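Engineer: Using only what follows, build the 3D model:
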Amino acid sequence: MSGRQGGKAKPLKAPKKEKKDLDEDDLAFKEKQKKEAAELKAMQEKAKGKGPLATGGIKKSGKK
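Structural biologist: Modelled structure (predicted):
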C-alpha cells in the first residue's frame, strides 16, 4: 500500500528567489513601465464614461 496516498498532494516548494542588485538602466525601465501603466489606466477611466465609439451598420433613412 505504499503506492497509494490519501488526501491532497502538497505542492512542491519553489526555491527562494535571490535579490539581485538593480542598475540604473533597470530602475529607469521599471519607472517607465509604471508611468505607462498609469497613463493607460487614466485613459481607460476617461474612455469608460463615453458611449460606443462606432455604432456601425447601415443607417436607414426615414423614407420608403
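Engineer: Please make it C-alpha for all contacts and neighbour counts, starting now.
Structural biologist: Will do.
Engineer: what's near enough to touch the residue nearest in space to the middle of the chain?
Structural biologist: Closest residue to the average C-alpha location of the chain: Ala37 at 9.5 Å, with C-alpha atoms, centre = their mean. For Ala37, no residue meets the contact criterion (C-alpha atoms under 8 Å, 6 or more residues apart in numbering).
Engineer: May I have the phi/psi pair for it?
Structural biologist: When read as degrees, to the nearest 10, the backbone of Ala37 gives phi -70, psi -40.
Engineer: From Pro15, how far off is it?
Structural biologist: Ala37 sits at a distance of 30 Å from Pro15 (criterion: C-alpha to C-alpha, to the nearest Å).
Engineer: can you check Glu39 too?
Structural biologist: 35 Å.
Engineer: out of the two, which sits in the busier spot?
Structural biologist: Each of Glu39 and Pro15 has its neighbours counted (other C-alpha atoms under 10 Å); Glu39 has more, 12 against 6.
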